[in-house]
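Peer 1: Sharing a model that was predicted from the sequence below.
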Amino acid sequence: MRQKHHATKPMSKLLPSRDVKNRRTRGNNFWRFSLTVLMTFSLLGLTGASGTQDKVKDLDLRVGIVQRFGAEPTDKLQLEPTKDDRLQLKFLDGNQNRTVMTTKPVQLEVVMQQLPSPAIAEVVVLGTYRTYETAEDSANQWRKQGIEVEIAQPERWQVWAKRDVYNTPLLRRLLFQAIKSQGNQLAYLDTQVAAKVPQVNWVVNGESYRFKNVEISTAKNLIRVKSGKKLDTTRVYAGKIQFQPNAYGTYTLVNQVPLEIYLRGVVPHEIGTDAPKAAMEAQAILARTYALRNLRRFAVDNYELCASTHCQVYYGLTGATNKTDQAIATTKGMVLTYKNQLVDALYSSTTGGVTAYFSDVWNGEDRPYLRPVVDTPTNLWDLSKQNLADEQNFQKFISLKQGFNESKWDVFRWYKESSLDRIIPDLQKFLQAKNSPYASFKTIDAMSITKRSRSGRILELAVKTDIGTFTLHKDEVRSAFAAPRSTLFYIVPLNKGEPELWGYAFVGGGLGHGVGLSQTGAQNLAKLGWNNEKILQFYYPGTELKALSPEIKF
């Protein structure tokens, strides 16, 4: 939810001035990468907007494949070389650099180290959000007020007052008091006191080492990683792996991998291995575009992308197939652009029959190419005449089941009943994570959808409780309740034959945010004979398919 501030002057005027020149920020990774792109293409002199670009030099990404190792004392990892290869481990803590080689598996175990005195870690949390997109908009709003911030993801996405600026208890409290004096109820001081901290024990060739920064490589550029409580998840990653501390007192396993090889671990897990050729190619183009546009996400942790649905699902080379590899090779170097800028290449599983504006789901400026498109190859519904912001039109639309690109998918339409006994604890947990004053409510008297967008997405849902009425906004409704699979739904109160309210039925369609391409819809269009460019321009009107070049802005 967008923060509401009522200050008449920038927040920075309320705080002691300080010289903030020459501060080092991990966000430099993004600019490093962009400069590399420009230099690469300047040297190659690439032109053209179609076909395979054999001369495109691959670029390395830094992907967090295990993000918070050490959060639990039972966390385990095992690194292995592939057949006839060996691991090279460079331990890089201060002046204690050391290189170890092994053909055997390497075990990583968590050891909780007792500290001589408790360690205190403190940040000013300015807001907690479900998605990076909403957190980024909130961060921009704070910056406009003169507050320097950074985006983190200890669990949910958060906006923090920048730690190397507000780096003393006095500065943090002055900032926090100034924010609270303006009526902000969601910000809080997060103070963690730890008597123990996680250290990692590396077991290599029967010997133990304790290092926080380690580079792992092999001659074949292939590393097998086993994870999970029982080491029962095995994946093979190309490139190198780095083990490093993060911003939360734990550690991240980062895969440094060339862009086009990274896509081999994304496309089969995002679109599936049985999707039609054109749909796979469209997914490859979007995955490439998305990765290059989103390198800033984990600047606070000194890497660029994650391997989950908070970015794009990435499983290394595990699951790669000839079909998906061919789709990546066919579209090598191709990205989707709007006015020579990389588009915000958002996509979801199933739209429910209509795509959405960016601002239907998140706070922030709309993108001209992300707007409602009825997800059907025919003129089944005219949004200009039957606006889905109207509740009657919306419920009529949801009742339609045939003629859409997604009609044959089980999540195209859904119905889910949920009791108050389930709704109340889920909602309380969500509000507690937000630090909302309404988290202490006990009962729900009523719920109602008070505002929809033209695409039918819920913009506001009011909840009347024993301590007052509050409003959930946009994508918050997917975090607050377990039942809905998207924000494209309506609710029906249920009594189950009793005088008191039992709960609600959630009646809706789609899976995910519904912005941009529908992965299921794209597959239907591909079966109808549409090529990748036509599919992409259907879901992103006004865009162009281009080869990466110096003209394209990041």
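Peer 2: Received the coordinates, thanks. Quick caveat: nothing in here was measured; it's all calculated off a predicted structure.

Peer 1: next helix or strand past the strand ranked longest in the chain?
Peer 2: If you go by DSSP state E, the chain has its longest strand at strand 106-129. Downstream of strand 106-129, the first helix or strand assigned by DSSP states H and E is helix 132-144.

Peer 1: Show me which parts of that next one are buried, residue by residue.
Peer 2: 132-139, 141-142 (16 or more other C-beta atoms under 10 Å). (Each C-beta comes from the backbone N, C-alpha and C, glycine too.)

Peer 1: Tell me the helix or strand right after that helix.
Peer 2: strand 149-152.

Peer 1: Okay, now the sheet partners of that next one, with direction.
Peer 2: strand 157-161 (antiparallel) (DSSP bridges).

Peer 1: Kindly calculate the angle that the strand it pairs with makes with helix 132-144.
Peer 2: Orientation check (axes from the mean of the first three to the mean of the last three C-alpha atoms, to 10 degrees): strand 157-161 against helix 132-144 gives 20 degrees.

Peer 1: Contacts for strand 157-161, please.
Peer 2: For strand 157-161, contacts defined as C-beta atoms under 8 Å, 6 or more residues apart in numbering pick out 123-132, 134-135, 138-139, 142, 147-152, 172, 175, 300, 310.

Peer 1: Just the buried residues out of these, in ChimeraX syntax.
Peer 2: Command for ChimeraX that selects the buried part of these, burial taken from 16+ other C-beta under 10 Å:
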select :123,124,125,126,127,128,129,130,131,132,134,135,138,139,142,147,148,149,150,151,152,172,175,300,310
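
Peer 1: which residues of the chain fall in helices?
Peer 2: Taking DSSP state H to define them, one finds helices in the chain at 28-44, 132-144, 169-181, 259-264, 267-270, 277-293, 322-330, 391-399, 420-434, 476-480, 519-527, 532-539.

Peer 1: got TSV for these, with distance to Trp409 and mean pLDDT too?
Peer 2: Converted to TSV, the helices of the chain look like this (distance: least, C-beta to C-beta, whole Å; pLDDT from 0 to 100):
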stretch	distance to Trp409	mean pLDDT
helix 28-44	36	40
helix 132-144	25	96
helix 169-181	45	96
helix 259-264	24	98
helix 267-270	15	98
helix 277-293	13	98
helix 322-330	20	98
helix 391-399	15	98
helix 420-434	26	95
helix 476-480	19	94
helix 519-527	5	98
helix 532-539	16	98
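
Peer 1: got a list of what Tyr347 touches?
Peer 2: By C-beta under 8 Å, 6+ apart, the neighbours of Tyr347 are 270, 283, 286, 290, 515-519, 539.

Peer 1: what about stretch 439-459, how long is it end to end?
Peer 2: 21 Å (C-alpha to C-alpha, to the nearest Å).

Peer 1: Quick one: distance of it to the chain centre.
Peer 2: From the chain centre to the centre of stretch 439-459 is a distance of 24 Å (C-alpha atoms, centre = their mean, to the nearest Å).

Peer 1: for stretch 166-179, same thing?
Peer 2: 29 Å.

Peer 1: got the CA positions of it in CSV?
Peer 2: Output of stretch 166-179 as CSV, limited to C-alpha atoms (Å, rounded to 0.1, in the frame of the first residue of the first chain):
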residue,chain,number,x,y,z
TYR,A,166,21.3,6.1,9.1
ASN,A,167,24.2,4.3,10.7
THR,A,168,23.9,5.3,14.4
PRO,A,169,21.1,4.7,16.9
LEU,A,170,20.6,8.5,17.2
LEU,A,171,20.1,9.0,13.5
ARG,A,172,17.7,6.1,13.3
ARG,A,173,15.6,7.3,16.2
LEU,A,174,15.5,10.9,14.9
LEU,A,175,14.3,9.6,11.5
PHE,A,176,11.8,7.2,13.1
GLN,A,177,10.4,10.0,15.4
ALA,A,178,10.1,12.4,12.4
ILE,A,179,8.2,9.7,10.4
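
Peer 1: Numbering from 157 from now on, please.
Peer 2: Happy to do that; since the first residue is 157 now, the last one works out to stretch 322-335.

Peer 1: Report the buried residues of that stretch.
Peer 2: Neighbour-count burial for stretch 322-335 [16+ other C-beta under 10 Å]: 322, 327-328, 331-332, 334-335.

Peer 1: Same check on stretch 649-661?
Peer 2: Neighbour-count burial for stretch 649-661 [16+ other C-beta under 10 Å]: 650, 657, 659-660.

Peer 1: Arg608: which of the residues you listed is nearest?
Peer 2: Tyr660 (16.9 Å; C-beta to C-beta).
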